[in-house]
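S.K.: Need a 3D model of the following:
(one chain, ligands or ions: 2)
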Amino acid sequence: MIAGAGRGPSRYEWPLVTSATGDSASIRLVPLGGLGEIGMNCLAIEQDEGILVVDCGTAFPHDDRGVDVIHPDFQWLLDRADDVVGVFITHGHEDHVGGVPFLLRDLDVPIYASPHALAVIRRRLEEHAVDINDVDLEPILAGQVHEIGPFRVESIRVSHSIVEATAFAIETSAGTVLHTGDFNFDEDPPDGEPTDVERLRELGDSGVALLLSDSTNIDVPVRAGAERNVGGRLQELVASAQHRVFVVMFASNVQRLRMLGEIAQRTQRKICLLGRSLNAQVDIATAVGRLAWPADLKIAAEQARDLPRDRLLILAGGSQAEPTSAAVRLAHGMHQHLAIEPGDAVVFSSRVIPGNEVAVHDLLCSLLRLGARVHTRQSDPDVHTSGHAGRSEQRRMLELVRPRCFVPVHGTLHHLVWHAELARQCGVPVIAVTENGAVLRIDRTGIRPDGTVPHGRVHVAIGGEALDAATLERREELGRSGIAFVSLVVDGSRRLRCGPTVFALGIPAVDSADQRVIAGEVVRALERHRKIGLKDPLLAGEIRRAARRALLGICGYRPPVEVLIQVADP
Ligand SMILES: [Zn+2]
Ligand SMILES: [Zn+2]
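M.R.: Residues are numbered from 1 along each chain as shown. Ligands and ions are numbered 1, 2, ... in the order given. This next block holds a predicted model:
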């Protein structure tokens, strides 16, 4: 196995044919995101005359440090700005397009994507105040071939939970590279566009040098079922409900939005959309002709409450219990326009992303307290299916494409290793596992590791500013321990003019008597260190030490302390 930089030797040894040369018939695979993690997908393919990027996504934080999104560190691309010929986007999910506005801030490069994914990108660019007229956005359709720099890129339709998802067959000097994007083999998806199995087989027949395939669901032996099964179950639930039905879902699941539109019409209900993302996704899918709800199907939330309860189908965001989401506001009786009443059905047509279990569980309990009938995947397995291939479909992809070399993508090291193991079982001759930053060189004989490149995660704060490692660490520390401030004003002969004032934030058990104790220690430290100049940072350091020692006696630990010494005019 070829693992990420600096991780030491692995216990896994893959049959690895090493090629000795770095000749022009080889390419370099440069993973910048999505390998060794879920989300933030971004992979560069480099050959002599150019660099092509596949996907440019974001990830969401799992902690609470005020981070809005995380995107890949693009420095390696920026250092080679003249060589980057284009960014190809497999589909419009955030983990594939969310990073585009951040990349385009610093790099002038054309973006190739399906009309639907381009519409998602346009909306993101507007939100980031990027002038769309300055950006080269190129639509690509399934079946089309684009010649970009030294590459020839064919777009192949794959089925996924979003519409217009594509795989890319990329002609390179080392042969054909097939990147699956996110895919499944749903034979009858609601948009009527299943994965182009025939084209994948043809490519396999003519020889694929390297397959890069989505590993997300390697732990799922067989995907829960087809998207239309979910539609069937949702139809039953809505048709049998006496009252309102709330469906909590991922906003970007356009396949499901299509079916819910049909279900609403069949059950004579109006659809009310709650949540900004859902409204945006419905607008985008409608604008590009992928969602054709009748004009009178939707009803605004303001009017929805006046409709009889059995005439309403409400679609709401918040499947991960995001604090400001519609589902959470409904559960807490805080929604501006609608309230859940006993007997209403709430269907979680979604899965819980690892890390969100506790919050989602609390949300379910709050809904039960309101008297809602709650349906989840646990109680009703057919209310959701994943858009990602399970292991059986990943195997089918390997068997169709029959690549010479295989590198699993999209997943933590666990996902990548097990997907590699599946490829070994399928008889793929050359397999390598790599993580972000660890480069692979591929030629017509095999794969070899080829050094590392700068890579990393850029944390963007709510408000849009990037947070460096020191700031993130500080936020973590402040969240853990609180902070105290000590401020004092002295004159040139060290007489106290004001203070010391002690102010504690987020520190338990510090009352005014404690503040006086701390202030006393500060005054003594000032006396003790008369030899240190008032403006010497060493003095603030000594005062900080004294204050922290006093705090240890009060609250049992040493929180961070900031010291401000002002010297008054004589
Ligand atoms: Zn996706
Ligand atoms: Zn994805």
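S.K.: Which residues does the closest residue to Phe88 other than its chain neighbours form beta bridges with?
M.R.: In this structure, Phe88 finds its nearest non-sequential neighbour in Tyr112, 4.8 Å apart by Cβ to Cβ, 6 or more residues apart in numbering. From N, CA and C alone the C-beta is placed, and that goes for glycine too. Tyr112 forms beta bridges with Phe88, Glu138, as assigned by DSSP bridges.
S.K.: lowest-confidence helix or strand of this structure?
M.R.: strand 496-505 (a mean of 86; mean pLDDT, DSSP states H and E).
S.K.: Direction included, what does that one pair up with?
M.R.: Applying DSSP bridges, one finds strand 496-505 paired with strand 483-490 (antiparallel).
S.K.: Keeping just the C-alphas, turn the partner strand into CSV.
M.R.: Extracted C-alpha coordinates of strand 483-490, given in CSV (Å, rounded to 0.1, in the frame of the first residue of the first chain):
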residue,chain,number,x,y,z
ILE,A,483,-10.6,33.3,29.6
ALA,A,484,-9.8,35.9,32.2
PHE,A,485,-8.6,39.5,31.6
VAL,A,486,-6.5,41.6,33.9
SER,A,487,-6.1,45.3,33.2
LEU,A,488,-4.3,47.9,35.1
VAL,A,489,-3.1,51.5,34.7
VAL,A,490,0.1,52.6,36.3
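S.K.: Mind listing what's buried along that strand?
M.R.: Ile483, Ala484, Val486, Ser487, Leu488, Val489, Val490 (16 or more other Cβ atoms under 10 Å).
S.K.: Please produce TSV containing the residues you listed, extended by pLDDT and distance to ligand 1.
M.R.: Below are the buried residues of strand 483-490 laid out as TSV (pLDDT from 0 to 100; distance: Cβ to the ion, whole Å):
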residue	pLDDT	distance to ligand 1
Ile483	92	41
Ala484	91	46
Val486	90	51
Ser487	90	52
Leu488	89	57
Val489	90	58
Val490	86	61
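S.K.: thinking again about what came up before, what's downstream of the least confident helix or strand of the chain, the next helix or strand?
M.R.: helix 512-528 (DSSP states H and E).
S.K.: can you pull the contacts of Val288?
M.R.: Pro115, His116, Ala119, Glu164 (Cβ atoms under 8 Å, 6 or more residues apart in numbering).
S.K.: The last one is in contact with Val120, isn't it?
M.R.: No. Applying Cβ atoms under 8 Å as the test, Glu164 and Val120 come out as separate, 10.1 Å apart.
S.K.: what's the closest residue to ligand 1 within the stretch 401-550 of the chain in contact with, if anything?
M.R.: Nearest residue of the stretch 401-550 of the chain to ligand 1: His410, at 8.9 Å (Cβ to the ion). His410 is in contact with Gly34, Leu35, Ile38, Asn41, Asp182, Asp214, Ser215, Thr216, counting by Cβ under 8 Å, 6+ apart.
S.K.: Show me these that map onto strands.
M.R.: Asp214 (DSSP state E).
S.K.: Point out the least confident member of the contacts of His410, please.
M.R.: On pLDDT alone, Ile38 ranks lowest of those, at 90.
S.K.: before we move on, the earlier item: looking at neighbours, which among the contacts of Val288 is most surrounded?
M.R.: Glu164 (27 neighbours; other Cβ atoms under 10 Å).
S.K.: would you say it is within a helix?
M.R.: No. Under the criterion used here (DSSP: H, G, I helix; E, B strand; the rest coil), Glu164 is coil, not part of a helix.
S.K.: Now do the residue lying closest to it once chain neighbours are set aside against ligand 2, distance only.
M.R.: Here the nearest residue to Glu164 in space, its sequence neighbours aside, is Ser114; by Cβ to Cβ, 6+ apart that works out to 3.7 Å. Separation of Ser114 from ligand 2 (Cβ to the ion, to the nearest Å): 15 Å.
S.K.: What number of residues are in the vicinity of Ser114?
M.R.: 25.
S.K.: Could you pull up the residues touching it?
M.R.: Ile89, His91, Gly92, Pro139, Ile140, Leu141, Ala142, Ser155, Glu164, Ala165, Thr166.
S.K.: Mind giving me the ChimeraX select for these, buried ones only?
M.R.: Restricted to buried positions by 16+ other Cβ under 10 Å, the ChimeraX selection for the contacts of Ser114 reads:
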select :89,91,92,140,142,155,164,165,166
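S.K.: how about the helix or strand hosting His116: buried residues?
M.R.: Assigning secondary structure by DSSP H and E places His116 in helix 115-127. Buried residues in helix 115-127, counted by 16+ other Cβ under 10 Å: Pro115, His116, Ala117, Leu118, Ala119, Val120, Ile121, Arg122, Arg123, Arg124, Leu125.
S.K.: how about CSV for the contacts of His410, with neighbour count and distance to Leu274 added?
M.R.: Converted to CSV, the contacts of His410 look like this (neighbours: other Cβ atoms under 10 Å; distance: Cβ to Cβ, whole Å):
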residue, neighbour count, distance to Leu274
Gly34, 27, 31
Leu35, 30, 36
Ile38, 16, 27
Asn41, 31, 29
Asp182, 27, 26
Asp214, 30, 31
Ser215, 28, 34
Thr216, 23, 28
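S.K.: Which members of the buried residues of strand 483-490 define the maximum pairwise distance?
M.R.: Ile483 and Val490 (22.6 Å; Cβ to Cβ).
S.K.: which pair in the contacts of His410 spans the largest distance?
M.R.: Leu35 and Asp182 (14.5 Å).
S.K.: Smallest distance to ligand 2 belongs to which residue of the stretch 351-500 of the chain?
M.R.: Counting by Cβ to the ion, the stretch 351-500 of the chain gets nearest ligand 2 through His410, at 6.1 Å.
S.K.: Now that residue: phi and psi?
M.R.: When read as degrees, to the nearest 10, the backbone of His410 gives phi 60, psi 80.
S.K.: Tell me how far it lies from Thr216.
M.R.: 5 Å (Cβ to Cβ, to the nearest Å).
S.K.: After the longest helix seen in the chain, which helix or strand is next?
M.R.: Secondary structure of the chain per DSSP state H: the longest helix is helix 537-555. Using DSSP H and E, the helix or strand that follows helix 537-555 in sequence is strand 561-567.
S.K.: chain center to that next one, what's the gap?
M.R.: Relative to the mean C-alpha coordinate of its chain, strand 561-567 is positioned 41 Å out (Cα atoms, centre = their mean, to the nearest Å).
S.K.: So which bits of that strand are buried?
M.R.: Val561, Val563, Ile565.
S.K.: and that strand, what other elements does it pack with?
M.R.: Judged by 3 or more Cβ pairs under 8 Å, 6 or more residues apart in numbering; DSSP states H and E, the packing partners of strand 561-567 are strand 483-490, helix 537-555.
S.K.: just the strands in the stretch 301-450 of the chain please.
M.R.: For the stretch 301-450 of the chain, the strands defined by DSSP state E, counting those that start in this stretch occupy 312-316, 345-349, 373-375, 405-409, 430-431, 438-442, 447-452.
S.K.: Which members of the contacts of His410 additionally contact ligand 2?
M.R.: Restricting these to those within reach of ligand 2 (Cβ under 5 Å from the ion) leaves Asp182.
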